[in-house]
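Novice: quick one: sequence plus predicted model below, questions after.
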Amino acid sequence: MPLDKVIDFSGVPVFQRDALILTDVSFTIEKGEFVYIIGRTGSGKSSLLKTLYAELPVKSGSAHVAGYDLRKLRSREVPYLRRKLGIVFQDFQLLTDRNVNENLLFVMKATGWKDKRKMESRMEDVLEKVGLGTKGFKMPYQLSQGEQQRVGVARALVNDPDIVLADEPTGNLDPESSRGIMNLLFDIRKSGRAVIMATHDYSLFRDFKARTLKCEKGKMEALKYEIN
């Protein structure tokens, strides 16, 4: 896979267990690119993201993500692939019994960080990037939903990923918080990371234009028109 391409799929079927969800998925994404994956609930958006981070297997076709061949990926290699990916979830998935710093530390320890000083420095850096530099000791319930999602973005950035996968990241947010998260994701793209955002909310597309792929009727196709 060429160095500028971080995702390269050709002729890949996407399965959820034995059910075929999408057929013949083919697309490439380069460093620093922002791409929407749109479609109705159940159209295959989340299944495609799960395929990208090796939650669902690739059974045929050609599939490369962040330098890994998903067809040949061994189970022991999956954690290394996922260190190159940052994942942002719709429902935040924060540990509610731990403060913001402890949520980030949990992820860092789970992905092999050892040096306490480096961990603290990285934690401070990503919280500053998402505008939460003073909120490290807050518990999740003390934060607004928009702030909780910013913690989710900080967590996704901890391992300095090549790719950020965002699955309906604005789905639980009010319009103002949604715009804040979109601005943040577009800033992340400017740092050279690819950002792939699955969504069925078209309301932000006018202000945040980007290449768009649509899942519909078992296919994924590039849109040739601008969403209004």
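Specialist: Received the coordinates, thanks.
Novice: helix, strand, or coil at D8?
Specialist: strand (DSSP: H, G, I helix; E, B strand; the rest coil).
Novice: ok, now which ones touch P13?
Specialist: L20, L22, T23, D24, V25, K59, S60, G61 (C-beta atoms under 8 Å, 6 or more residues apart in numbering). Just so you know, the C-beta spots here come from the backbone N, C-alpha and C atoms, and that holds for glycine as well.
Novice: the last one: neighbouring residues, count only.
Specialist: One way to gauge burial is a neighbour count; for G61, by other C-beta atoms under 10 Å, it gives 17.
Novice: which stretches of this structure have low pLDDT?
Specialist: 1-3, 224-228 (pLDDT under 70).
Novice: tell me which element the residue lying closest to W113 once chain neighbours are set aside is part of?
Specialist: Counting by C-beta to C-beta, 6 or more residues apart in numbering, M119 is the residue found nearest to W113 once chain neighbours are left out, at 5.1 Å. According to DSSP states H and E, M119 maps onto helix 116-129.
Novice: tell me what that helix is packed against?
Specialist: helix 100-110, helix 145-157 (3 or more C-beta pairs under 8 Å, 6 or more residues apart in numbering; DSSP states H and E).
Novice: how about the last one, which residues are buried there?
Specialist: Within helix 145-157, the residues that qualify as buried are G146, E147, Q148, Q149, R150, V151, G152, V153, A154, R155, A156, L157, counting by 16 or more other C-beta atoms under 10 Å.
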